[in-house]
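>>> please work out how this folds:
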Amino acid sequence: MKIPQLTFLRFLAAFGVVLFHFGQLTFPFSSDLLLPTVQQAGLGVGFFFTLSGFLLAWVYAPQPHIDLRKYARARFARIYPLYLLTFLLALAAEMLIRHTRPKGLSIILQALGLHAWVPGYSLSLNFPGWSVAVELFFYLAFPMLLLALRGRSTVVLLGIAAIATTIGVIIFSYMGIWTLGIVPNPNSDFILRFPLWHLPSFVVGMTGGLLFRAGKLQLPTTWLPAVLFVGLTAGLLSLAYFPNWFIGHAANGLFAPIYVAMIVALAQDKSWLSKSFSWAPLEFAGEMSYAVYLMQAPVYIALEPLALRAGAPGLHGTWFWIYLGVLLLASGLVYQSFERPMRSWLRPK
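Down below sits the predicted model:
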């Protein structure tokens, strides 16, 4: 089960992360008009976490109980085959193109999806994969969380969402102070990428999915969903253009309730907006977004030497557009020829 118009949102978030990593020096993303947004586009990872909680709750809430064996197979099929493939591609690229010798522990941890738990290793090899390690933790915790949250009243679920958001803000605001002298710096793996700290975003997404499935978040008019979605999106983007407290805490789950509101609005929208997002090419882009996200590092490593050999300083300017085209083409091929068949083969029938 899926909500088609939400699928394209995954592509927008993944594309934003790619721009955040590699596009800040290329026009028009380097312009005064777009650069502030691009510099905050890494927040798309937090959106993934919230959307994941929402969709899992929406799918599994009606089931009286979760068959853990089928659940594990379905989640494994959804996330691991492509994760393993892109990890192996990144490992090969590092060794054969960059001529580096990755640590054995780094290889083992990333192959098992455990690297985000060990400070100093979360960004090794295929660096975007740290968020997949976080997602694997969410998948493990989800059945227990669903058992605890399902059947709760609207007031209780809203209270849990508020508490989870507050905890997330506190963790990311004060973890650097609490670990002063123990953790090297406030931008360390332990503070920014430790899976447990991102659980509030997932829990807020779950509460939204449960309330939406129960029909508690229905908007009263047919025109309001599109207006709400566009208004919230514009409001979030505008925060990047002036100094404010909110943008500095956005990565810690502060925006998760807003993400839920955006998801709910688009999910029940029936206007031209949702019809546009459900257009087959855009839906396909959303389906291959996981490949776009995980292929960005291997493709970059493969193309960078070509740009340097041609006299360019890196994959900027024209070379970034070449990179982007190759990334999208490779991601589409990987999705169609590997990710989708493997998912169909491995998941329970």
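>>> which one's the longest helix in the chain?
Counting residues, the longest helix in the chain under DSSP state H turns out to be helix 68-96.
>>> mind listing what's buried along the next helix or strand after it?
Downstream of helix 68-96, the first helix or strand assigned by DSSP states H and E is helix 104-111. Under the neighbour-count criterion of 16 or more other CB atoms under 10 Å, helix 104-111 has 106-107, 109-110 buried. (C-beta placed from N, C-alpha, C; glycine too.)
>>> what's the farthest-apart pair in those residues?
Of all pairs drawn from the buried residues of helix 104-111, the greatest distance, 7.5 Å, lies between Ile107 and Leu109 (CB to CB).
>>> re earlier: got TSV for the buried residues of helix 104-111, with distance to Phe246 too?
Formatted as TSV, the buried residues of helix 104-111 follow (distance: CB to CB, whole Å):
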residue	distance to Phe246
Ser106	35
Ile107	39
Leu109	34
Gln110	33
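>>> what is the lowest-pLDDT residue among those residues?
When the buried residues of helix 104-111 are compared by pLDDT, Ser106 scores lowest at 90.
>>> what does the closest residue to it other than its chain neighbours show for phi and psi?
Among residues not flanking Ser106 along the chain, Ser124 sits closest, at 4.3 Å (CB to CB, 6 or more residues apart in numbering). For Ser124, the backbone dihedrals (degrees, to the nearest 10) come out as phi -70, psi 150.
>>> just the one 4 residues further on next, same as before
Backbone torsions for Pro128, taken as degrees, to the nearest 10, come to phi -60, psi -20.
>>> mind starting the numbering at 6 from now?
Okay, residue one is now 6; in that scheme the one you just asked about reads as Pro133.
>>> relative to Ala146, how far out is it?
Remark: distance between Pro133 and Ala146 (CB to CB, to the nearest Å) = 21 Å.
>>> neighbour-wise, which of the two wins?
Per other CB atoms under 10 Å, whichever of Pro133 and Ala146 has more neighbours is Pro133, with 20 against 16.
>>> now for Met293: which residues touch it?
Residues counted as contacts of Met293 (CB atoms under 8 Å, 6 or more residues apart in numbering) are 16, 336-337, 339-341, 344.
>>> give the rounded mean pLDDT of the longest helix of the chain.
If you average the pLDDT over helix 73-101, you get 94.
>>> Phe59 contacts Arg218, correct?
No. Judged on CB atoms under 8 Å, Phe59 makes no contact with Arg218 at a distance of 9.6 Å.
>>> now do the shared contacts for these two.
Counting by CB under 8 Å, 6+ apart, no residue touches both Phe59 and Arg218.
>>> packing partners of the helix or strand bottoming out on mean pLDDT in the chain?
Ranked by mean pLDDT, DSSP states H and E, the weakest helix or strand in the chain is helix 250-253, scoring a mean of 73. The contact analysis (3 or more CB pairs under 8 Å, 6 or more residues apart in numbering; DSSP states H and E) places helix 250-253 against no helix or strand.
>>> if we go by neighbour counts, what in it is buried?
Ile252.
>>> what's in contact with it?
By CB under 8 Å, 6+ apart, the surrounding residues in contact with helix 250-253 are 45, 244-245, 259-260.
>>> among the residues you listed, which one lies nearest to Ala231?
Nearest to Ala231, judged by CB to CB, of the contacts of helix 250-253 is Phe260 at 20.2 Å.
>>> can you pull the contacts of the closest one?
By CB under 8 Å, 6+ apart, the neighbours of Phe260 are 48, 51-52, 241, 251.
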